[in-house]
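Asker: got a predicted structure here, sequence first:
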Amino acid sequence: MTTLTLLFTFFFLLMTLSSSTNPRNFTVELIHRDSPHSPLYNPQTTLTDRLNAAFLRSISRSRRFNNHQPQTDLQSGLIGAGGEFFMSITIGTPPMNVLAIADTGSDLTWVQCKPCQQCYKENGAIFDKTQSSTYKSVPCESHHCNALSTNERGCDESKNVCKYRYSYGDKSFTKGDVATETISIDSASGSPVSFPGTVFGCGYDNRGTFDETGSGIIGLGGGQLSLISQLGSSISNKFSYCLSHKSSTMNGTSVINLGTNSIPSGLNEASHVISTPLVEKEPQTYYYLTLEAISVGKTKIPYTGTSYYPNNDEGGSMKGNIIIDSGTTLTLLESGFYDNFGAAVEEAVTGAKRVSDPQGLLSHCFKSGSAEIGLPKITMHFTGADVKLSPLNAFVKVSEDMVCMSMIPTTEVAIYGNFAQMDFLVGYDLETRTVSFQRMDCSNTI
């Protein structure tokens, strides 16, 4: 009996160890800020109003890159205070629900914390660290504290508590304590998945343009302190998202998938999965791709934009010349290239004439008479991956008789925005350092 008991105990421990170390797979719903499911939803605003607001957020977010100096707040890895998708998590023990912006352009996850010095108005409850049994401050000289850049970390020497400060492009900021806590993520396919000891920012001084419906930001960037990097091997260093073009209406659901099964296992013509290398560069927060050309119909135009953070070699580097970002709606392309690109699009559009955007935000708009507007096929040529866009990826209908390109020129960093990524499964394999694309209907992913 004793031998059987020992064998049973050993088997039980083995199974427990195996289940705790095996990679996990789960899917989480993303709520578009304009969706009826969103706490920001306003039924009084028109579709045009929502689009224009999203375009303005894109432009504001892109301005985060204006400063060329290497040691500035840009190093904090924050493009802008806003984003387009909410994600729900729980934090602490007992768990408290938090609704925050999911952001591939941020690293450190942070939430508002009591006691507040200055917190923005929040509709939900604010996390109280004194009520959680699993909250633990991070010491000043710890590995986690040193993962922050010198300009974004500080130290309360009297308590040996690491401090953080993140500034955003619109002058918003958050500052507070760096701590560890149990974060749980609700899976659409099962019970919540918990991750004890997750590093996050407990923000007690948060000011600016933050939405009162959100508790903070969930960092999904590539830096050491992002949620993705911390989950690491537990999700096999893989995640993906599928953004539905219907996600701003009641009919569509967008999701983020984490784990081995989040991206296709093989790249082949039958599955129509293509991939392109991720380029290693600073700051590590952002996901850099190399755009080699764009085709308008059969006309292929070489991309002339170089890296926004050029190497020391003359003329900079073509590698890593565009950032893929889920939080920016529009795609921003280098202005010199855009002149040729826009001219090719204008020549290829049929049944419409070029007009100005009434809002002055979009560069190339086309208005039809009675004829149907004919739009060219746009193909993005990344290194090793030709991504064929649908009209919904490259153009946006702003009125019954007018469409505009959802791509605009920039003299700053180039960004591959979320309109261009809609209805693709976009997979990030951080082991092989690749991003994959697979066309699918993202409204049916849950």
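Answerer: Nice, thanks for sending it over.
Asker: what bridges to Phe85?
Answerer: Beta bridges link Phe85 to His32 when assigned by DSSP bridges.
Asker: tell me, how many neighbours does it end up with?
Answerer: Neighbourhood size, Phe85 [other C-beta atoms under 10 Å]: 25. Just so you know, the C-beta spots here come from the backbone N, C-alpha and C atoms, and that holds for glycine as well.
Asker: mind listing what it touches?
Answerer: If you count contacts by C-beta atoms under 8 Å, 6 or more residues apart in numbering, Phe85 has them with 30-33, 101-102, 243, 247, 254, 326-327.
Asker: of all the residues you listed, the one with the weakest confidence?
Answerer: pLDDT is lowest at Ser247 among the contacts of Phe85; the value there is 49.
Asker: for Val178, helix, strand, or coil?
Answerer: Following DSSP: H, G, I helix; E, B strand; the rest coil, we place Val178 in the strand state.
Asker: you'd agree it is up against Ala147?
Answerer: No - judged on C-beta atoms under 8 Å, Val178 makes no contact with Ala147 at a distance of 9.3 Å.
Asker: the more surrounded of those two?
Answerer: Shown here are Val178 and Ala147; by other C-beta under 10 Å, Val178 has more neighbours (27 against 18).
Asker: that one: what's it in contact with?
Answerer: By C-beta under 8 Å, 6+ apart, Val178 lies in contact with 108, 137-138, 144-145, 148, 153, 161-164, 199-202.
Asker: which of the residues you listed lies closest to Glu347?
Answerer: Nearest to Glu347 among these, counting by C-beta to C-beta, is Leu108 at 46.3 Å.
Asker: what's the neighbour count on Thr134?
Answerer: Applying other C-beta under 10 Å, we find 19 residues neighbouring Thr134.
Asker: hmm, back to that, inside helices: which ones of the contacts of Val178?
Answerer: Using DSSP state H, 144-145 are the members of these that sit in helices.
Asker: what's across from Asn206 in the sheet?
Answerer: With DSSP bridges as the rule, Asn206 is bridged to Thr174.
Asker: hmm, I typed the wrong one, I wanted Ser436.
Answerer: Ser436 has these beta-bridge partners by DSSP bridges: Ser275, Gly427.
Asker: how close does it sit to Tyr241?
Answerer: Remark: distance between Ser436 and Tyr241 (C-beta to C-beta, to the nearest Å) = 12 Å.
Asker: looking at the two, which one has more neighbours?
Answerer: Neighbour comparison, Ser436 and Tyr241: the larger count goes to Tyr241, with 27 against 21 (by other C-beta under 10 Å).
Asker: that one contacts Asn257, correct?
Answerer: Yes - in this structure Tyr241 lies within contact range of Asn257 using C-beta under 8 Å: 7.1 Å.
Asker: which parts of the protein are helices?
Answerer: Under DSSP H, the chain gives helices at 2-21, 47-62, 143-146, 227-231, 335-348, 391-394.
Asker: from the chain's centre, how far out does the fifth one sit?
Answerer: Taking the mean C-alpha point of helix 335-348 and that of its whole chain, the gap between them comes to 28 Å (C-alpha atoms, centre = their mean, to the nearest Å).
Asker: I'd like to know which elements that helix is packed against.
Answerer: Applying 3 or more C-beta pairs under 8 Å, 6 or more residues apart in numbering; DSSP states H and E, one finds that helix 335-348 contacts strand 291-296, strand 299-302, strand 407-410.
Asker: ok, the closest residue in space to Arg24 that isn't next to it in sequence - contacts?
Answerer: Counting by C-beta to C-beta, 6 or more residues apart in numbering, Arg24 lies nearest to Gly259, which is 5.3 Å off, once chain neighbours are set aside. Taking C-beta under 8 Å, 6+ apart, we find Gly259 in contact with 23-26, 235-236, 238-239.
Asker: for Gly259, give me the backbone phi and psi.
Answerer: phi 120, psi 180 (degrees, to the nearest 10).
Asker: from the contacts of Phe85, which single one is nearest Leu425?
Answerer: Proximity of the contacts of Phe85 to Leu425 (C-beta to C-beta) peaks at Leu243, which lies at 9.5 Å.
Asker: give me the number of residues near the nearest residue to that closest one once chain neighbours are set aside?
Answerer: Closest residue to Leu243 apart from its sequence neighbours, by C-beta to C-beta, 6+ apart: Ser254 at 4.6 Å. Neighbours of Ser254 under the rule other C-beta under 10 Å: 29.
Asker: and Ser254, bridged to which residues?
Answerer: When assigned by DSSP bridges, Ser254 has beta-bridge partners Leu30.
Asker: shouldn't it be in contact with His245?
Answerer: No - applying C-beta under 8 Å as the test, Ser254 and His245 come out as separate, 9.5 Å apart.
Asker: need the residue closest to the centroid of the chain.
Answerer: Thr104 (2.7 Å; C-alpha atoms, centre = their mean).
Asker: can you pull the contacts of it?
Answerer: Applying C-beta under 8 Å, 6+ apart to Thr104 gives the contacts 220-221, 287, 324-327.
Asker: which of these lies closest to Gly384?
Answerer: Using C-beta to C-beta, the shortest approach to Gly384 within the contacts of Thr104 belongs to Ile324, at 14.5 Å.
Asker: show me the contacts for Cys116.
Answerer: Listed by C-beta under 8 Å, 6+ apart, the contact set of Cys116 reads 126, 204-205.
Asker: PyMOL command for the buried members of the residues you listed?
Answerer: Selecting only the buried entries of the contacts of Cys116 in PyMOL, with 16 or more other C-beta atoms under 10 Å as the criterion:
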select buried, resi 126+204
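Asker: how about CSV for the contacts of Cys116, with distance to Pro95 and pLDDT added?
Answerer: Putting the contacts of Cys116 into CSV (distance: C-beta to C-beta, whole Å; pLDDT from 0 to 100) gives the following:
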residue, distance to Pro95, pLDDT
Ile126, 15, 92
Tyr204, 21, 95
Asp205, 25, 94
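Asker: just the contacts of Cys116 now: which is nearest Ser229?
Answerer: Ser229 has its nearest neighbour among the contacts of Cys116 in Tyr204, at 24.6 Å by C-beta to C-beta.
Asker: that older thread, joint contacts of Ser436 and Tyr241?
Answerer: 425-426.
Asker: ok, how many other residues are close to Leu392?
Answerer: Neighbour tally, Leu392, other C-beta under 10 Å: 14.
Asker: repeat that for Val138.
Answerer: Val138 has 24 neighbours, counted by other C-beta under 10 Å.
Asker: right, and it touches His144 too?
Answerer: Yes - using C-beta under 8 Å, Val138 is in contact with His144, at 5.0 Å.
Asker: now for those two: what residues contact both?
Answerer: Common neighbours of Val138 and His144, using C-beta under 8 Å, 6+ apart, are 162, 178, 180, 199.
Asker: quick one: Gly197 and Gln44, what's the gap?
Answerer: Distance, Gly197 to Gln44, by C-beta to C-beta: 44 Å.
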